[in-house]
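*Asks:* below are the sequence and a predicted model; questions follow.
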Amino acid sequence: MIDKIDEDRIVAAITDVEKKTSGEIMVVVGRSASGYHLVPIVWAALIALALPMLLLLVFALTARRLYEIEWITFGVLAFVLSFGRYRFRLVPGWIKRGRAHEAAREQFLARRISYTHARTGILIYIALAERFAELVPDAGIAELIDDASWKPVIERLTTKLREGRVADGLIEAVESSGAILAAKLPPQAGHHDELPNKVVLL
């Protein structure tokens, strides 16, 4: 995760950027998009079911002994693989990306980003375990700025996540997003800050 100093740096970047645009930026940082608690059970079950076929090629075992081996294997693997450092490695990349994408949409709704007056909010979401980043614009922004404009922002942020430079990546993403927003949504008279300038840590 990020510490208080990094959190303050990100908040300062958001505050500074929002002085130059009528857009609103919210940052959400999650440890992971999902616990993937069923993954170790599935892997343990598959290995336990396949093991008897391998054992019978080498040993002459009774059905009772095979049954006992299956249960012991399943129990041990389900326990060991449940530890986070193993569990996340067992999840296929496409499942991680899909779950993180869903989590970003869930956070967009949960943080009430679409409640801004002109629907000019964006969410920058990252899931640390998945090393996933996504930017979700509200309808007012999507009408003015196409999705391709955000792609380089997310690519650079994802690179920083893989390098372990989470705060630096988020600050750069906030500043880059702010520049894009300012070009299409300059400050408006009477506009006030509608979303909290903070980092939501999950």
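*Replies:* Received, thanks. Computed from a prediction, not measured in an experiment: that's the story for all the values here. Residues are numbered from 1 along each chain as shown.

*Asks:* longest helix of this protein?
*Replies:* Identified as the longest helix of the chain according to DSSP state H is helix 38-58.

*Asks:* which strands and helices sit next to that helix?
*Replies:* On a contact count with 3 or more C-beta pairs under 8 Å, 6 or more residues apart in numbering; DSSP states H and E, helix 38-58 meets helix 63-80, helix 84-90. To be clear about C-beta, it is placed using only N, CA and C from the backbone, and glycine gets the same treatment.

*Asks:* rounded mean pLDDT for the shortest one, please.
*Replies:* Averaged across helix 84-90, the pLDDT comes to 80.

*Asks:* for that helix, list every residue counted as buried.
*Replies:* For helix 84-90, a neighbour-count test (16 or more other C-beta atoms under 10 Å) marks 87-88 as buried.

*Asks:* how about the residue nearest to the spatial centre of the chain, what does it touch?
*Replies:* Note on the chain: the residue nearest the mean C-alpha position is residue 127, at 2.4 Å, using C-alpha atoms, centre = their mean. Going by C-beta atoms under 8 Å, 6 or more residues apart in numbering, residue 127 touches 30-33, 100, 103, 133.

*Asks:* which of those residues fall in helices?
*Replies:* 100, 103.

*Asks:* which among the contacts of residue 127 count as buried?
*Replies:* When these are checked against 16+ other C-beta under 10 Å, the ones flagged as buried are 30, 32-33, 100, 103, 133.

*Asks:* thinking again about what came up before, and the contacts of residue 127, which is closest to residue 82?
*Replies:* Minimum distance to residue 82 across the contacts of residue 127 is 13.9 Å, recorded for residue 32 (C-beta to C-beta).

*Asks:* any idea how far the closest one is from residue 193?
*Replies:* Using C-beta to C-beta, to the nearest Å, residue 32 is found at 30 Å from residue 193.

*Asks:* how are the strands of the chain distributed by residue range?
*Replies:* 24-30, 121-127, 132-137, 199-201 (DSSP state E).

*Asks:* winner for burial among those?
*Replies:* Ranked by mean neighbour count under mean count of other C-beta atoms under 10 Å, these are led by strand 121-127, which reaches a mean of 26.
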